[in-house]
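[1] Output the structure for:
(one chain, ligands or ions: 1)
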Amino acid sequence: MIDSHCHVDFKEYNKNREEVIGRARENLSAIINSGASLGGNRRTLKLQAENPQFIYATLGFHPHNAVKADQNIIEQSLDEIIGNIDQAVAIGETGLDYHNLQGEEPKKRQKQLFERFIDLALQYEKPLVIHARDAEEIALEMVKNKNLNQVIFHCYGGDARTARAIVDEGYYISISTIISFSKHHQKLAAEIPLDNMLTETDSPYLSPFKGRNEPSYVGEVIKEVARVKELTQDEVDRVTEKNAYKVFKL
Ligand SMILES: [Zn+2]
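    A predicted model of the protein is given here:
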């Protein structure tokens with residue numbers, strides 16, 4: 001099993017990060033930690049250096065942070081991402097999050113930064129990890145026909161029609177632990193072909209249980225996907241893991 005998107009660098013793990021990583025090592029083949037800010041990218045690179053062949057880094061800037069961050073911090077983040085580009089298995093997370101966003105200005109800010117990340121992924125031939133909420137179709141329009149190396153819609157929660165359009169482009173959709181308690185995500189997982197699917201926890205968020213999520217819970221995604229697709233857990237595990245190895249070139 002692979003957790004293709006999580007944030008083990010977050011402060012939620014400060015008290016017992018080693019334990020959490022230890023449990024992940026017992027159950028998983030690899031975890032992809034996604035940098036979401038300047039500090040997050042630095043912490044992600046450190047985690048990768050400390051856990052070779054197990055924790056892999058993607059470097060980006062979350063759209064939530066894009067709205068509020070100082071422009072200098074954004075520029076510094078982009079510079080550092082370029083400086084560490086060889087260490088990154090993908091660019092992201094990046095994208096558009098229009099949920100509860102008021103007015104056009106913050107949307108414009110998110111789009112401008114997203115464009116720059118698209119350009120980085122193109123220039124350095126890296127996969128692009130997209131966070132899109134209430135803006136999935138707009139994000140898809142912005143990336144398609146650009147000849148990107150590969151595109152992953154992480155924690156996808158949009159509609160089934162846009163999911164089909166994403167799959168038609170040959171892109172990947174990552175199913176998170178939200179599937180444990182969301183009928184909408186269960187329906188989506190039933191429709192999305194296994195060959196275009198990845199599994200993730202988005203830890204520390206979206207725990208299938210009470211409290212904080214962690215990478216070792218990604219088995220809950222595999223269990224639910226197997227149930228809704230009427231496949232064995234072994235089959236779902238085998239194919240989604242193979243997909244992750246291929247997309248991120250692990
Ligand atoms: Zn995330």
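
[2] Before we move on, what's the pLDDT of residue 158?
    We have a pLDDT of 96 for residue 158.

[3] Could you do the one 3 residues further on as well?
    With respect to pLDDT, residue 161 scores 98.

[4] What is the helix or strand hosting residue 238 packed up against?
    With elements delineated by DSSP states H and E, residue 238 resides in helix 233-248, which encompasses its position. For helix 233-248, the packing partners by 3 or more Cβ pairs under 8 Å, 6 or more residues apart in numbering; DSSP states H and E come out as strand 2-6, strand 30-34, strand 88-97, strand 197-199, helix 219-229. For glycine as for every other residue, the C-beta is placed from the backbone atoms N, C-alpha and C.

[5] what lines up beside the shortest one in the sheet?
    Strands adjacent to strand 197-199 in the sheet, as given by DSSP bridges, are strand 172-175 (parallel).

[6] quick one on the thing from earlier: what is the distance between the helix holding residue 238 and the centre of its chain?
    If you compare the mean C-alpha spot of helix 233-248 with that of the full chain, they lie 15 Å apart, counting by Cα atoms, centre = their mean, to the nearest Å.

[7] Can you give me the buried ones in it?
    By neighbour count, with 16 or more other Cβ atoms under 10 Å as the criterion, the buried positions of helix 233-248 are 236, 237, 239, 240, 241, 243, 244, 247, 248.

[8] Does the fifth one touch residue 29 like I think?
    Yes. Between residue 241 and residue 29 there is a contact under Cβ atoms under 8 Å: 6.2 Å.

[9] okay, and the common contacts of the two?
    With contacts taken as Cβ atoms under 8 Å, 6 or more residues apart in numbering, the residues that reach both residue 241 and residue 29 are 1, 2.

[10] circling back to that earlier point, could the helices and strands packed on helix 233-248 go into TSV alongside mean pLDDT and mean neighbour count?
    Output for those, formatted as TSV (pLDDT from 0 to 100; neighbours: other Cβ atoms under 10 Å):
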stretch	mean pLDDT	mean neighbour count
strand 2-6	98	29
strand 30-34	98	27
strand 88-97	98	26
strand 197-199	98	26
helix 219-229	98	20
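
[11] Need these in a markdown table (columns: distance to residue 211).
    Converted to a markdown table, these look like this (distance: least, Cβ to Cβ, whole Å):
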| stretch | distance to residue 211 |
| --- | --- |
| strand 2-6 | 15 |
| strand 30-34 | 19 |
| strand 88-97 | 23 |
| strand 197-199 | 20 |
| helix 219-229 | 14 |
